[in-house]
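*Asks:* Structure here, sequence nowhere to be found:
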Ligand SMILES: Nc1nc2c(c(=O)[nH]1)N(C=O)[C@@H](CNc1ccc(C(=O)N[C@@H](CCC(=O)O)C(=O)O)cc1)CN2
Ligand SMILES: Nc1ncnc2c1ncn2[C@@H]1O[C@H](COP(=O)(O)OP(=O)(O)OP(=O)(O)O)[C@@H](O)[C@H]1O
């Protein structure tokens, strides 16, 4: 993996670790508002979200609102060989402790196939303006998003994680078509003839 990627990851993760509780609370509020303003969110009957690890963009309130509205919500479940599947959640309780401070669903969940998902909210350590994403470095999302059309992939992260500099692309990287933060909604212009 490129040194530039590793260096960027380290820098942004350090910024994330330094966030105060109050700052996270206020950023979560506006991120939730921006997500709720997306037509894709209102049109979806099934959304794959994620359960934030400490410091990460937090979708908890968004998920609660969508569950109340009757939208089906699923979250990533890590499988062997760095594969993932989408497990359905019915509420925001009863999780188990996973690595990196992640909350995992206990076994017995319903698996939702990628074809049934209308929108995937993708976590990222950083994104650039072209929709290239830098993740935790395990490639889980790169493998999963192959099964999800480009238009259905939207990154949800804190605004300072959107970088002005380009993230070096690698052949297996899967881009997102939009980025939602606590401050803005960025639509990525797909260059003519380019297939992601
Ligand atoms: N909220 C959220 N959920 C997510 C992701 C994410 O970025 N954010 N992922 C995005 O990809 C996947 C999880 N990614 C992971 C990436 C690395 C390790 C990992 O390195 N695990 C080490 C233990 C590390 C530790 O505890 O310090 C290991 O299993 O050995 C685990 C999960 C799926 N779920
Ligand atoms: N479709 C794929 N098939 C096989 N290997 C892959 C695939 N996609 C990515 N990888 C491998 O996964 C590793 C991690 O990729 P990368 O650094 O882009 O992860 P990331 O996007 O930062 O992490 P994540 O998706 O877990 O958040 C790379 O070394 C790459 O070789």
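*Replies:* Looks like it came in fine. Not measured: the values here are computed from a predicted model. Ligands and ions are numbered 1, 2, ... in the order given.

*Asks:* wait, residue 95 sits on residue 106?
*Replies:* Yes. With contact defined as Cβ atoms under 8 Å, residue 95 counts as touching residue 106 (7.5 Å). Quick note: C-beta positions are derived from backbone N, CA and C, even for glycine.

*Asks:* Neighbour count for the two, which is higher?
*Replies:* Set residue 95 next to residue 106 and count neighbours by other Cβ atoms under 10 Å: residue 95 wins out with 15 against 9.

*Asks:* Now for that one: which residues touch it?
*Replies:* Applying Cβ atoms under 8 Å, 6 or more residues apart in numbering to residue 95 gives the contacts 51, 103, 104, 105, 106.

*Asks:* Distance check, the nearest residue to the third one once chain neighbours are set aside against ligand 2.
*Replies:* Looking back up the chat, that one is residue 104. Of all residues not flanking residue 104 in the chain, residue 98 sits nearest, at 4.0 Å (Cβ to Cβ, 6 or more residues apart in numbering). Distance, residue 98 to ligand 2, using Cβ to the nearest ligand atom, to the nearest Å: 14 Å.

*Asks:* same question, residue 14
*Replies:* The spacing between residue 14 and ligand 2, counted by Cβ to the nearest ligand atom, is 16 Å.

*Asks:* closest to ligand 1 among the contacts of residue 95?
*Replies:* Of all those, residue 51 has the smallest distance to ligand 1: 5.4 Å, by Cβ to the nearest ligand atom.
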